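>>> what shape does this take:
(2 chains)
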Amino acid sequence: MKRLMSSTSPQTLRLVALFLALLATVLFFSTQIDGYLSGRMFNRIATSAAVVLPIAVGQAIVVMTRNIDLSAGSTLGVVAYITGQTLGTMPDLHPALVVLMAMGFGAAAGAINGILIAFGRVPSIIVTLGTLALFRSFLVEYSNATTITTASLPVWLVDLPQKVLFSLGPLEMRLTVVLALAVCVIVGLALSRLRVARRFLAVGSNPDAVQMAGINSAWVVFVAFVLSGALAGLSGFIFLAKFGNITVVAGLGFELKSIAAVVVGGVSIMGGSGSILGVLMGTVLVDTIDNSLTRWDLVSEFWRDALLGMLIMAAVTVDTLASRSLTRLRGRSGGGQ
Amino acid sequence: MTDSAILELRSVSKSFAATAALRDMSLAILPGEIHAIVGENGAGKSTLIKIMTGVHQPDSGQILVEGQPVTLRSTQEAQTAGIAAIYQEPMVFPDLNVAENIFISNRGKGAFMRWADLYRDAEALVVPLGVTLDVRRAAAGLTLAEQQTVEIARALSLKVKVLIMDEPTASLSAHEVARLLAIARALKDQGVAVIYISHRLDEIFKIADRVTVIRDGQHISTRPIGEVTETGMVRDMVGRAIDSFAMKTAANPVGEVALSVSGLGREGVFSGVNFDLAKGEVLCLAGLVGARRTDVGLALFGIAPATQGTIVLHGTSLTIGSARAAMDLGIAYVSEDRRKLGLAMSLPIFANISLASLRKLMGLFGLIDRRAESDMAEGYRKQLDIRSPDTLIEVGKLSGGNQQKVMLAKWLETNPTVLIFDEPTRGIDVGAKAEVHGIIRTLAAKGVAIIVISSDLPEVLALADRVLVMREGRQAGLLGIAEATQERVIALAAGTGERVAA
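From the prediction side, this is the model:
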């Protein structure tokens, strides 16, 4: 066991542990909830995770640069509302254009964060805490507390969440799920293969060293926030399609969800490391628990937030303890040479 | 001569606020030479490096690369011009692997990472340096020497013409230093100009072709190494003669035994350490980096408590289980890493000095007596000659030598009877080093029992009454100062002097 521990990379161990946790969760709830292991439940969780996945991937990019985006949930809400409103007045917009528009609005919000953090040198936790409230208040003011309803949306959008690309028995691969997975594949490949994208990891790994290495860290951080905003915008679009009704509280708490997915997925909160595969598994785990709790009679669904909070803390604690004991293990076996 | 210079500064000046960091600095670096730059801390070496690497821009004057005037607005532009630097504290990315670290600054290798090519190219750079280093492993956990190798390889990957080495050997062990010097010579043979900055004068004599001395931001002299003597160089550096490297030949007269240690060890870390330390005696722990000397210090200070052996302090056998316990027993530990373990960099001087003795300063209702605190700090500022106008300045803004004095003041205030110094002069300049040595000698004369952990052999031989040499977690020998020579200590530390009685 010890030998295995010191020969496998912590990242791989992490993914294996996540997979086991997911398996344990599913097995546990299958004993608690009738008809849990069904295609219906799979589809429910998959479509729900599809909303969270883009925003979590964006959050992951930001966290990798040793920053945090607390405003992601508010951005999602604003984008969902504005996109819905635009579609109400211009229902003939091409779907691809609508997606781009949603991502563009999100990117604009992210750019505001990015400018203040990267060029204004204000800590990201402060800037995005501010914009978390600001974007939300903007939404309240802008919407005049009115609601976007399904009735005002074009039919293609309302039908979008039910659109199935292909099925494996009772398991359906819906368009939104594929869209979210595509984001994972693109960002995941970029982070491992694209030279420019590696800089997100470099900046988070050692912010002091990037300048010496001739990397413009301000620019890298700025881009990370723009991407995070754009992906929150994409989540906003999927959110709009899934729910149809957008109120001023749309996306509330998604910052917590996205951060939970990211840290549970093994992205170091200190930046510099993490994988998109981990984020995907983290998102699925968080969302599975979230969805299962709503159907579990034993516990009130109001515990869901508390559980998210505990998951975040547990993930970071386990990470810290594990990496500490791993270092010790390697130090003793002479792995440091 | 200046026509062939690869890098030349002409009358470069740079000021920060009202302070002139560099004044009218002119300097020419030739291709394929190892050019040492020496000067005290604060002489302007860092500013000079930062100007050459594009971090700062000069207020006036010119920079020429291969005879062409250039402006270096960023590290990136300096790298493009062929100038790169490696630092005392290497700049690696712990989460990235070695190969990626090496090529992190490279442009023009295409948009996509081709990992196989990357590993092959990285090996092609690392192997000629004579180092075994797995280019696929993450940089986290590399030793300092290995991290430097990564940085050197990084510079080579950029095809540098000028490589600046800033205090590269400050925390390396003897054989790592030898390897680094070999690398520097190899670079020189490839026609790279190496600018070598070090406080260790013996290295400069071993390696440099020419030496430039700077003081107070001004160029003092540039001479071929053959025309330089150590005393002459030091005189140029400090503007006065210093006699700090005198070797000690006889031990100080000492009092009764203060600390007696036998069979001391910590499971899996070190074992079998035996010594008696008398009042007024200086015991130096020598050895290579990784010989676990610091762990002995940490065990005595209770941070990583010993699990074997006995500790007898002033005649009482005891165990030391925490730093608090050690402090209560009158043991103090001046740590190697001022930044990590010793000082709160963002706090002012007075707050740092009082940190370990706040209990004494507590007045009514357990509140801190601010006046007593500042009087106490002011007293140390004068006594130890901490160079700052008052004690309200943040410690992070002081030079290394002055930081060391603040740390010392903090521990002196606890009135220790046993004082452990871990690398007390690492990274501080000749002048401050002499002052710290003076303070250590004075403390010993006052009857404090002192342990000095040092990798700097001349320092060991200048301070010690006895030298305890460690090798790989074991005590390799205990020498009286009369029998301790550089050769014997190195032989014991490196394991070639097996037959010397322990």
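>>> can you count the residues close to the residue of the stretch 151-300 of chain B found nearest chain A?
When scored by C-beta to the nearest C-beta, the stretch 151-300 of chain B has residue B:268 as its residue closest to chain A, at 6.0 Å. Backbone N, C-alpha and C define where each C-beta goes, glycine included. Around residue B:268 there are 11 other residues, counting by other C-beta atoms under 10 Å in any protein chain shown.
>>> state the distance from the closest residue to residue B:289 other than its chain neighbours to residue B:288.
The shortest distance from residue B:289 to any non-neighbouring residue, by C-beta to C-beta, 6 or more residues apart in numbering or on different chains, is to residue B:173 (3.6 Å). Using C-beta to C-beta, to the nearest Å, one gets 4 Å for the distance from residue B:173 to residue B:288.
>>> between these two, what contacts are shared?
Residues touching both residue B:173 and residue B:288 (C-beta atoms under 8 Å, 6 or more residues apart in numbering or on different chains): residue B:455.
>>> where does pLDDT dip in chain B?
Chain B contains residues with pLDDT under 70 at B:1-3, B:17-19, B:41-42, B:107-108, B:239-254, B:337-341, B:494-502.
>>> which residues of it lie near chain A?
B:53, B:55, B:74-76, B:79, B:85, B:87, B:91-96, B:100, B:104-105, B:109-113, B:141, B:143, B:154, B:268 (C-beta under 8 Å from any C-beta of the partner chain).
>>> just the buried residues from those residues, in ChimeraX please.
The ChimeraX command for the buried members of those (criterion: 16 or more other C-beta atoms under 10 Å in any protein chain shown) is given here:
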select /B:53,55,74,75,76,79,85,87,91,92,93,94,95,96,100,104,105,113,143,154
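>>> so which of the residues of chain B next to chain A are in helices?
With DSSP state H as the criterion, helices contain B:75, B:76, B:79, B:100, B:154 from among those.
>>> now do the contacts for the nearest residue to the second one once chain neighbours are set aside.
Of all residues not flanking residue B:76 in the chain, residue A:214 sits nearest, at 3.6 Å (C-beta to C-beta, 6+ apart). Under the criterion of C-beta under 8 Å, 6+ apart, the contact list for residue A:214 reads B:74, B:75, B:76, B:79, B:105.
>>> contacting residues for the fourth one?
What it means is residue B:79. A:214, B:105, B:158, B:160.
>>> list the buried residues in the helix or strand where residue B:118 lies.
Secondary structure from DSSP states H and E places residue B:118 in helix B:115-126. Residues B:118, B:119, B:121, B:122, B:123, B:125, B:126 are the ones in helix B:115-126 that count as buried (16+ other C-beta under 10 Å).
>>> the closest residue to the fourth one other than its chain neighbours: how many residues sit nearby?
In space, and not counting its chain neighbours, residue B:122 is closest to residue B:99: 3.6 Å by C-beta to C-beta, 6+ apart. Residue B:99 has 27 neighbouring residues, counting by other C-beta under 10 Å.
>>> now swap in residue B:29 and tell me
Residue B:29, neighbours per other C-beta under 10 Å, totals 23.
>>> same question, residue B:84
27.
>>> thought it was touching residue B:158?
Yes. The criterion here is C-beta atoms under 8 Å, and residue B:84 meets it with residue B:158 at 5.8 Å.
>>> overlap of the contact sets of these two?
Common neighbours of residue B:84 and residue B:158 (criterion: C-beta under 8 Å, 6+ apart): residue B:105.
>>> so how far is residue B:429 from residue A:295?
Counting by C-beta to C-beta - residue A:295 and residue B:429 are separated by 69 Å.
>>> if we can go back for a sec, which of the contacts of residue A:214 lies closest to chain A?
Distances from chain A to the contacts of residue A:214, taken by C-beta to the nearest C-beta, are shortest for residue B:76, at 3.6 Å.
>>> residue contacts, the closest one?
Residue B:76 touches A:214, A:215, A:216, B:54, B:105, counting by C-beta under 8 Å, 6+ apart.
>>> go on, residue B:164?
B:49, B:52, B:53, B:83, B:84, B:85, B:86, B:194, B:195, B:197.
>>> of those, which is the most crowded?
residue B:83 (29 neighbours).
>>> hmm, back to that, widest-spaced pair of the buried residues of helix B:115-126?
Pairwise distances across the buried residues of helix B:115-126 peak at 12.2 Å for B:118 and B:126 (criterion: C-beta to C-beta).
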